[in-house]
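A.B. asks: Need coordinates for the following:
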Amino acid sequence: MKLRYTPASPFARKVHLMLIETGLDKRVELVNTDPWSDDNDLPKDNPLGKVPTLIDDDGHQVFDSRTICEYLDGMHGGARLVPIEGKARLTALTRQALGDGMLDASVWLRVELVRRPEALRWPYIVARHRAAVSRSLEQLEKEAATLTDLASIGDIAVACALGYLDFRFADEDWRGPHPKVAAWFDRQLKRPSMIATMPRA
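C.D. replies: Residues are numbered from 1 along each chain as shown. Predicted structure coming up:
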């Protein structure tokens, strides 16, 4: 199998983390792909032109980190990171939605602040995305005691979201107001999977 990714993508990191945590990384070739390059061939594998994109051994093209993670979760012999049913599944998927939502807001905040010329920025959009991230951090602080050591796809998504804040918004202190979730995240940063997938530009 091949995973098209970029080291800067937090959604690709989510898939890469899952691969390492489940031992599937040995079965997947990583193909570094710049989705912003005009001459990349990514659209042949994903019409959306986005990473992550997985090409399985049968040539099937699988895209969107949530879809890829659920697909891969049936290929290893350990405990499932995406539970199949019941409250455990609802909890994992809801937390994944929170982590992914934080990422969506953070990515679009960066686009607005860095890629869009200052004269064309929308203060309302900036404030809306900042508020979404802030509310998500407050929710995670309340739930900190239930966060696992990346034993759930939801907690993997949250770790990627917090890692993206460190990566792209390093000058903003999210840890101070959220000490419980910060302590959890700092423990995760010591895991080999987190070290191996550290984002880089």
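A.B. asks: what about the strands in this protein?
C.D. replies: Along the chain, counting by DSSP state E, strands occupy 2-5, 29-32, 53-55, 61-63.
A.B. asks: Distance to D166, mean pLDDT and mean neighbour count for the ones you listed - can I get that in TSV?
C.D. replies: Glycine gets a C-beta too; all of them are placed from N, C-alpha and C. Formatted as TSV, those follow (distance: least, C-beta to C-beta, whole Å; pLDDT from 0 to 100; neighbours: other C-beta atoms under 10 Å):
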stretch	distance to D166	mean pLDDT	mean neighbour count
strand 2-5	19	98	22
strand 29-32	21	97	13
strand 53-55	25	98	24
strand 61-63	26	97	18
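A.B. asks: and K180, which of these is closest to it?
C.D. replies: Closest to K180 of the strands of the chain, according to C-beta to C-beta: strand 2-5, at 30.8 Å.
A.B. asks: Can you name every helix or strand that the closest one contacts?
C.D. replies: Secondary-structure packing of strand 2-5 (3 or more C-beta pairs under 8 Å, 6 or more residues apart in numbering; DSSP states H and E): helix 10-22, strand 29-32, strand 53-55.
A.B. asks: The shortest one: partners in the sheet, and parallel or antiparallel?
C.D. replies: Looking at strand 53-55 with DSSP bridges, its paired strands and their directions are strand 2-5 (antiparallel), strand 61-63 (antiparallel).
A.B. asks: would you list the strands of the chain in CSV and tack on distance to A119?
C.D. replies: Shown next, in CSV, are these (distance: least, C-beta to C-beta, whole Å):
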stretch, distance to A119
strand 2-5, 34
strand 29-32, 34
strand 53-55, 35
strand 61-63, 35
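A.B. asks: measure D166 to D41 for me?
C.D. replies: Here D166 is placed at a distance of 32 Å from D41 (C-beta to C-beta, to the nearest Å).
A.B. asks: and this structure, what are its domains?
C.D. replies: Annotated domains of the chain cover 2-72, 86-191 [automatic domain parsing].
A.B. asks: could you check the angle helix 10-22 makes with the longest helix seen in the chain?
C.D. replies: Across the chain, the longest stretch assigned as helix under DSSP state H is helix 86-110. Orientation check (axes from the mean of the first three to the mean of the last three C-alpha atoms, to 10 degrees): helix 86-110 against helix 10-22 gives 140 degrees.
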